[in-house]
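Participant: Quick one, fold the following:
(chains A and B)
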Amino acid sequence: MLELYPETLIPVEWHSSGFTPGGSDFDIPAYSTRAALYNVGGIPHTQWNGTESTVGGFPNGNWQAFIGDFTNIYNGMVGNDTPYEIEINGYAGNTVNYDVTVSMDSDMSNSNQKVDIFLVEDNIWSYWSGASSYHNARNVAREWLASENMTINTSGQNETFSGSFNYNDNWNSDSLQIIAIVQNYSTKQVYQASIVNINDMDPDIDDDGILNNLDNCLESWNPGQEDEDGDLIGDVCDPCNNLVFSLGNSNGDTDVDGNPLVDIMDVLTLADYLAFDVQDNICQEPTLNINQDNHINIVDVINLVQQILNGG
Amino acid sequence: MKFCSIIILFSFSFGQSLDQLDLNLKKLNSVLETASRSSQKVFVDDFTGLL
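Facilitator: Predicted coordinates:
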């Protein structure tokens, strides 16, 4: 099926110690964790986008008998609308560094939503004693690199998950691929997947001469890496200048010299937030926790009023 | 009076045309937004080795 749908079908091949080519190193500890997610018992078992499974069959490895069922499941899933897009970039040097960026074009709750990142090796020619034949093993799982909670949930947001790994002498580096998925761990549904050969990753996606893992604006050209407020987010992509949206200055206004202006208007803004859950802009909320106790409440109003009366 | 009636009738007709144009533009916008939505790939956890 991979030959039929190379762009839209992304498998990871998991091997238990009892079902793997003789003398191979295909069985990895992560198999048990991944199999437990779906209560995998008997082999063979395929799990499609986390929600549909085919179990059993394949006498003498005759999986071709199931191509019709597989194709029906695939056709029912491919091309469906999803709020997520996944990009995988990075650099394959002595160590492989990767950046998986998930972006959203519509809203979806992030409750139980995770990003899983796998390392696979494609096209491993191996002998299967059970089928008495050689087989080209595709996308054999080599490492489960990461499983991270997603924090974004709104159209227009994006989030990047970065990491690295070292090569193993047993792997063919030309065939290594990184697969990233967005999966809900409550429903098990997979909402999106992406795959890239490690040698095809873009190490500098905005072409500003700064490698992705060192760039403070991943997708905005900023060779100077200017960061006026020192929050490690470059000025060209930083929606909030923390020098302006400082503690108490919730409306972001400044005096003639450009200094933050904390006054009665900020008290009103804080009151609106508490009373009506009104937020005028995305930079506002961190400025409202006046006493820095991680709770925004009436105590912060009192503290802000005192701050203003004291001339601060 | 007749002149006022004509003016009112003309304004009403013209207003309806604008409403229809606005409705069509909104429909077109919705279609374009839907068309640009991300398209899902199919991910398979293959516990077989034979896909």
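Participant: Please make it C-alpha for all contacts and neighbour counts, starting now.
Facilitator: Fine.
Participant: where does chain B have its least confident helix or strand?
Facilitator: Sorted by mean pLDDT, DSSP states H and E, the helices and strands of chain B end with helix B:2-35, the least confident at a mean of 51.
Participant: Quickly check: the following helix or strand past it near chain A or not.
Facilitator: As assigned by DSSP states H and E, the chain's next helix or strand after helix B:2-35 is strand B:38-39. Yes - Strand B:38-39 lies within reach of chain A by CA under 8 Å from any CA of the partner chain, at B:Ser38, B:Ser39.
Participant: any residues touching strand B:38-39, and which ones?
Facilitator: Outside of strand B:38-39, the residues that reach it under the criterion CA atoms under 8 Å, 6 or more residues apart in numbering or on different chains are A:Val78, A:Gly79, A:Asn80, A:Asp81, A:Thr82, A:Pro83, A:Tyr84, A:Glu85, A:Asp105.
Participant: Could you list the paired strands of the helix or strand following that strand along with their orientation?
Facilitator: Proceeding C-terminally, strand B:38-39 gives way to strand B:42-46 as the next helix or strand, assigned by DSSP H and E. Looking at strand B:42-46 with DSSP bridges, its partner strands are strand A:9-13 (parallel), strand A:45-48 (antiparallel).
Participant: Pipe the ones you listed into a markdown table and attach mean neighbour count, mean pLDDT and distance to A:Val140 per row.
Facilitator: What follows is the strands paired with strand B:42-46, written out as a markdown table (neighbours: other CA atoms under 10 Å in any protein chain shown; pLDDT from 0 to 100; distance: least, CA to CA, whole Å):
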| stretch | mean neighbour count | mean pLDDT | distance to A:Val140 |
| --- | --- | --- | --- |
| strand A:9-13 | 24 | 94 | 5 |
| strand A:45-48 | 22 | 92 | 14 |
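Participant: before we move on, back to that, which of the contacts of strand B:38-39 are close to chain B?
Facilitator: Among those, the ones lying near chain B by CA under 8 Å from any CA are A:Val78, A:Gly79, A:Asn80, A:Asp81, A:Thr82, A:Pro83, A:Tyr84, A:Glu85, A:Asp105.
Participant: can you tell me which residues contact the residue most central in space within chain A?
Facilitator: In chain A, the residue lying closest to the centroid (CA atoms, centre = their mean) is A:Val115, at 4.3 Å. By CA under 8 Å, 6+ apart, the residues touching A:Val115 are A:Ala146, A:Ser147, A:Glu148, A:Asn149, A:Met150, A:Ala180, A:Ile181, A:Val182, A:Gln183.
Participant: Helix or strand: which one has it?
Facilitator: Here A:Val115 is covered by strand A:113-121, with elements defined by DSSP H and E.
Participant: Tell me the helix or strand right after that strand.
Facilitator: Where DSSP H and E defines the elements, the next helix or strand beyond strand A:113-121 is strand A:124-128.
Participant: which of the contacts of A:Val115 are close to chain B?
Facilitator: Taking CA under 8 Å from any CA, the overlap between these and the neighbourhood of chain B is A:Ile181.
Participant: and the contacts of A:Val115, which are buried?
Facilitator: A:Ala146, A:Ser147, A:Asn149, A:Met150, A:Ala180, A:Ile181, A:Val182, A:Gln183 (16 or more other CA atoms under 10 Å in any protein chain shown).
Participant: Now, these that are in helices?
Facilitator: With DSSP state H as the criterion, helices contain none of these.
Participant: What about the closest residue to A:Asp231 other than its chain neighbours, how many residues nearby?
Facilitator: Leaving aside its chain neighbours, A:Asp231 sits nearest to A:Asn242 (7.7 Å; criterion: CA to CA, 6 or more residues apart in numbering or on different chains). Burial of A:Asn242 is recorded as 19 neighbouring residues (other CA atoms under 10 Å in any protein chain shown).
Participant: what residue ranges in chain A score low on pLDDT?
Facilitator: A:18-22, A:57-64, A:129-131, A:312 (pLDDT under 70).
Participant: what are the ranges of the strands in the stretch 201-312 of chain A?
Facilitator: Remark: no strands are assigned in the stretch 201-312 of chain A by DSSP state E, counting those that start in this stretch.
Participant: ok, now which ones touch A:Asn251?
Facilitator: By CA under 8 Å, 6+ apart, the contact set of A:Asn251 is A:Phe245, A:Met265, A:Asp266, A:Thr269, A:Asp280, A:Gln284.
Participant: so what's the residue of the stretch 51-200 of chain A found nearest chain B up against?
Facilitator: Across the stretch 51-200 of chain A, the shortest distance to chain B (CA to the nearest CA) belongs to A:Gly79, at 4.7 Å. By CA under 8 Å, 6+ apart, A:Gly79 lies in contact with B:Ser39, B:Gln40, B:Lys41.
Participant: just A:Met265 next, same as before
Facilitator: Contacts for A:Met265 were tallied using CA under 8 Å, 6+ apart; they are A:Asn251.
Participant: if we go to 10 Å?
Facilitator: A:Asn249, A:Ser250, A:Asn251, A:Asp253, A:Ala271 (CA atoms under 10 Å, 6 or more residues apart in numbering or on different chains).
Participant: mind listing which of the residues you listed are in helices?
Facilitator: When helices are assigned by DSSP H, the members of the contacts of A:Met265 inside them are A:Ala271.
Participant: and which of the contacts of A:Met265 is nearest A:His45?
Facilitator: Ranking these by separation from A:His45, with CA to CA as the measure, puts A:Ser250 on top at 54.6 Å.
Participant: measure stretch A:281-294 end to end?
Facilitator: With CA to CA, to the nearest Å as the measure, the ends of stretch A:281-294 fall 19 Å from one another.
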